[in-house]
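Engineer: sequence first, then the predicted structure, then my questions.
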Amino acid sequence: MRAIQLQEYGGPEVLRVVDTGIPEPGPGQITVDVAYTGVNFADLKARAEGYRVPALPYVPGLEVSGHVRALGAGVEGFEVGQEVAALTAGGAYAEVALADATTVFALPSGVDLRTAATLPTVLPTAHALLHEVGRLSAGETVLVQGAAGGIGTVVGQLAKAGGAGAVYGVVSSEAKAKYALAHGYDEVFVGGFGDLGGSGESGESGESKQGFVAQVRAATGGRGVDLALDPVGGDTFRGGLAALAVFGRLVSFGNASSAEPWRVGQPELYGTALGVSGFSILSLAKSAPQALREVAARAFAKVADGTVELPVTAEFPLADAAGAHRLMGARTSTGKLLLRVAG
């Protein structure tokens, strides 16, 4: 089968098309004939830095849609040929992907394979950030970094559907601000500490780094927000803390800036009774797969009933995975990027 493999770390050019063996499912596993593969910022970090890469050579990719190819021993509830979406531990940039059955999902009614490829990572993550981890209550205010990216697009819509009083976003350009305003945001600030609409890399000046905190305070009459969602880390994480209201919560769900892991303690939290939580869908898939399935079911239902949509804004053939990485790395993309593998 064809797959995209990296044999060294580096830029998009290290992604190469190779012919490799077709994986066979072990006990509790499923193989999927891939129709579409989702492109995520974690894939760029894997390629550039070895993020979650166990060894080289390595086939990146975390989510697919397609048809069940084969079932491993003990797998029940699926049939060969069934349309599914799947979260993988890697290996999704390929014609056949391997996944644990616990992270394979039957498609909601009315959802096609192209749309399904946008679901496995983004929808459960967005739902968990707001509800299971963020504990959003009606009337509360939310601040989202990377508001024009895949997760940001869904969070804006879910937050408004969940009764948020106001949803604020941070992006890196006016074009992204316009896009985010069409997906649930009340106000979007340009600049800040970083943005995941494209690569998530930060490189703004010190002056702009102070921008979004002051803008949030101004927009909320000095109060701050109840819930901040941060995929960037570093200075952005600190800014998120500074933008919180009394009793506010911050949920960290990434480190796009590749900064040192954040640490907070009594001096930062005690003064205004702040709370900090973390979320990783890949970690949850390993440690509590049943909890992930429950979150995913709730999140996928929001797509099936029309509450949220995640536009696919660019699609590349599998062989041009490097092109998808260049676009995401350029910080100009919005919504979701896909690789077209079959069909």
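Structural biologist: Alright, I've got the coordinates.

Engineer: elements contacting the helix or strand containing Asp33?
Structural biologist: Using DSSP states H and E, the element containing Asp33 is strand 29-39. Counting contacts by 3 or more CB pairs under 8 Å, 6 or more residues apart in numbering; DSSP states H and E, strand 29-39 packs against strand 63-71, strand 83-87, strand 96-100, helix 113-116, helix 321-329, strand 336-340. (Glycine included, C-beta is placed from N, CA and C.)

Engineer: how far away from the center of its chain is the next helix or strand after it?
Structural biologist: Downstream of strand 29-39, the next assigned helix or strand under DSSP H and E is helix 41-49. How far helix 41-49 lies from its chain's middle: 13 Å, per CA atoms, centre = their mean, to the nearest Å.

Engineer: and stretch 299-313, by the same measure?
Structural biologist: Distance of stretch 299-313 from its chain centroid, counting by CA atoms, centre = their mean, is 14 Å.

Engineer: run through who's touching it.
Structural biologist: With CB atoms under 8 Å, 6 or more residues apart in numbering as the test, stretch 299-313 has contacts from 105, 108-111, 114-115, 118-119, 122-124, 126-128, 150, 153-154, 157-158, 161, 333-338.

Engineer: swap the cut-off to 7 Å and go again
Structural biologist: 105, 108-111, 114, 118-119, 122-124, 126-127, 150, 153-154, 157-158, 161, 333-338 (CB atoms under 7 Å, 6 or more residues apart in numbering).

Engineer: swap in stretch 8-15?
Structural biologist: With contact meaning CB under 7 Å, 6+ apart, stretch 8-15 is reached by 4, 6, 47-50, 56, 321-322, 325-326.

Engineer: all helices of the stretch 151-300 of the chain, in order?
Structural biologist: In the stretch 151-300 of the chain, the helices defined using DSSP state H, counting those that start in this stretch lie at 174-181, 206-209, 211-219, 234-242, 266-269, 281-287, 289-304.

Engineer: which intervals of the stretch 51-200 of the chain have sub-threshold pLDDT?
Structural biologist: Applying pLDDT under 70 to the stretch 51-200 of the chain picks out residues 192-200.

Engineer: my guess is Ser277 meets Trp262, correct?
Structural biologist: No: the pair Ser277 / Trp262 is not scored as a contact, 11.7 Å apart, by CB atoms under 7 Å.

Engineer: more neighbours, the two?
Structural biologist: Neighbours per residue, other CB atoms under 10 Å: of Ser277 and Trp262, the larger number sits with Trp262, 19 against 14.

Engineer: looks like the more buried one contacts Gly233 (just checking).
Structural biologist: Yes: Trp262 is in contact with Gly233 according to CB under 7 Å; the separation is 6.0 Å.

Engineer: quick check: neighbours shared by those two?
Structural biologist: Common neighbours of Trp262 and Gly233 (CB under 7 Å, 6+ apart) are Ser252.

Engineer: just to revisit the earlier point, tabulate the helices of the stretch 151-300 of the chain in JSON lines, adding columns for distance to Val14 and mean neighbour count.
Structural biologist: Formatted as JSON lines, the helices of the stretch 151-300 of the chain follow (distance: least, CB to CB, whole Å; neighbours: other CB atoms under 10 Å):
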{"stretch": "helix 174-181", "distance to Val14": "28", "mean neighbour count": "19"}
{"stretch": "helix 206-209", "distance to Val14": "31", "mean neighbour count": "12"}
{"stretch": "helix 211-219", "distance to Val14": "34", "mean neighbour count": "19"}
{"stretch": "helix 234-242", "distance to Val14": "25", "mean neighbour count": "23"}
{"stretch": "helix 266-269", "distance to Val14": "39", "mean neighbour count": "11"}
{"stretch": "helix 281-287", "distance to Val14": "22", "mean neighbour count": "17"}
{"stretch": "helix 289-304", "distance to Val14": "31", "mean neighbour count": "17"}
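
Engineer: looking at those, which is closest to Gly72?
Structural biologist: Nearest to Gly72, of all those, is helix 289-304, at 15.1 Å by CB to CB.
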